[in-house]
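> need coordinates for the below:
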Amino acid sequence: MKYLAVFFLSSLLLAFISAPKSVNAAGECGKDSPDRVAFKLIPCASAAMDPQATPSDKCCSQVHTIGQNPACLCAVMMSNTAKSTGIKPEVAMSIPKRCNLADRPVGYKCGAYTLP
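Alright, predicted model coming up:
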């Protein structure tokens, strides 16, 4: 598990460094790019790769905060950073439900996925 976390963090850092820099335009996540916001979901690494993993309290807190803007949460989970670190979008989309977030955006369409 320790090696998985180190790999995930290293991959996330590499993806962030190589991600295209945005102009000061507001996007799905406001002034921050989805790739930058993805760093806030580092505590969700194992839960985003394994549907049986229980998301940590820190993960659920971050997902709850980011999920107040479903378009941002979707963009983060589908971001280049997430993809390059081995995140499985179909698994990541289930994190709000696994966190038992009552105000999660149920039914929100995120690319080919729908938030449960």
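> where along the protein do the strands fall?
109-110, 113-114 (DSSP state E).
> now these in JSON lines, with mean neighbour count and distance to Ser46?
C-beta coordinates here come from the backbone N, C-alpha and C atoms, glycine included. Shown next, in JSON lines, are the strands of the chain (neighbours: other Cβ atoms under 10 Å; distance: least, Cβ to Cβ, whole Å):
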{"stretch": "strand 109-110", "mean neighbour count": "14", "distance to Ser46": "21"}
{"stretch": "strand 113-114", "mean neighbour count": "14", "distance to Ser46": "19"}
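> make a markdown table out of the ones you listed and add distance to Lys88 and mean pLDDT.
As requested, the strands of the chain are exported to a markdown table (distance: least, Cβ to Cβ, whole Å; pLDDT from 0 to 100):
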| stretch | distance to Lys88 | mean pLDDT |
| --- | --- | --- |
| strand 109-110 | 13 | 94 |
| strand 113-114 | 10 | 93 |
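> how much space between Asp32 and Ser79?
11 Å (Cβ to Cβ, to the nearest Å).
> those two - which one has more neighbours?
Higher neighbour count among Asp32 and Ser79: Ser79, with 25 against 17, using other Cβ atoms under 10 Å.
> ok, now which ones touch the residue positioned nearest the centre of the chain?
For the chain, the residue sitting closest to the mean C-alpha position, by Cα atoms, centre = their mean, is Met77 at 3.9 Å. Counting by Cβ atoms under 8 Å, 6 or more residues apart in numbering, Met77 makes contact with 48, 87, 89, 92-93, 110.
> try 6 Å this time
By Cβ atoms under 6 Å, 6 or more residues apart in numbering, the contact list for Met77 reads 89, 92.
> same question for Arg104.
So Arg104 contacts 67, 96 (Cβ under 6 Å, 6+ apart).
> now do it against Asn69, distance only.
12 Å.
> if we can go back for a sec, relative to Leu41, which of the strands of the chain is closest?
strand 109-110 (14.3 Å; Cβ to Cβ).
> that closest one pairs with which strands, parallel or anti?
Strand 109-110 pairs in its sheet with strand 113-114 (antiparallel), by DSSP bridges.
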